[in-house]
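[1] Here is my input; please provide its structure:
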Amino acid sequence: MDVLVERYLRRKIVSDSSSPKLYYLRQVPLTCGKVDIDVLAAAIEKNCAMTKGDVKHVYKKSEMSTKYY
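    The predicted model follows:
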């Protein structure tokens, strides 16, 4: 998955006006979104050694372990 970034110029130490200006990267606003678990599993299967079933299993297990009762 690609992430869109933009370059911006700011001071190394923001509060110090004598600090040198440097370029930094940040993610472009409003370029992220929600992804369906099937789409994510397909992308991971394409680029890694895990199958769709493995990805879904790990996701469901981690989702269950983070729920608070």
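[2] drop to CA atoms for contacts and neighbour counts, all remaining ones
    Fine.
[3] Do you know the pLDDT at the residue sitting furthest away from the middle of the chain?
    Computed with CA atoms, centre = their mean, the maximum C-alpha offset from the centroid of the chain is found at residue 18, amounting to 33.6 Å. Note for residue 18: predicted pLDDT of 95.
[4] Check what pLDDT residue 41 gets.
    88.
[5] ugh, wrong one, residue 1
    At residue 1, pLDDT is 56.
[6] likewise the one 5 residues further on?
    Residue 6 is assigned 92 on the pLDDT scale.
[7] and it, how many neighbours does it have?
    11 (other CA atoms under 10 Å).
[8] what sits opposite it in the beta ladder?
    Counting by DSSP bridges, residue 6 is bridged to residue 26.
[9] Using neighbour counts, pick out the buried residues of stretch 14-23.
    For stretch 14-23, a neighbour-count test (16 or more other CA atoms under 10 Å) marks nothing as buried.
[10] Can I get that stretch as PDB, trimmed to CA atoms?
    Output of stretch 14-23 as PDB, limited to C-alpha atoms (Å, rounded to 0.1, in the frame of the first residue of the first chain):
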ATOM      1  CA  VAL A  14      10.200  25.300  16.200                       C
ATOM      2  CA  SER A  15      10.400  27.700  19.100                       C
ATOM      3  CA  ASP A  16      14.000  28.900  18.200                       C
ATOM      4  CA  SER A  17      14.000  31.600  15.400                       C
ATOM      5  CA  SER A  18      17.700  31.100  14.800                       C
ATOM      6  CA  SER A  19      17.300  27.300  14.200                       C
ATOM      7  CA  PRO A  20      18.000  26.200  10.600                       C
ATOM      8  CA  LYS A  21      15.100  25.300   8.400                       C
ATOM      9  CA  LEU A  22      14.800  21.700   7.300                       C
ATOM     10  CA  TYR A  23      12.500  19.800   5.000                       C
END
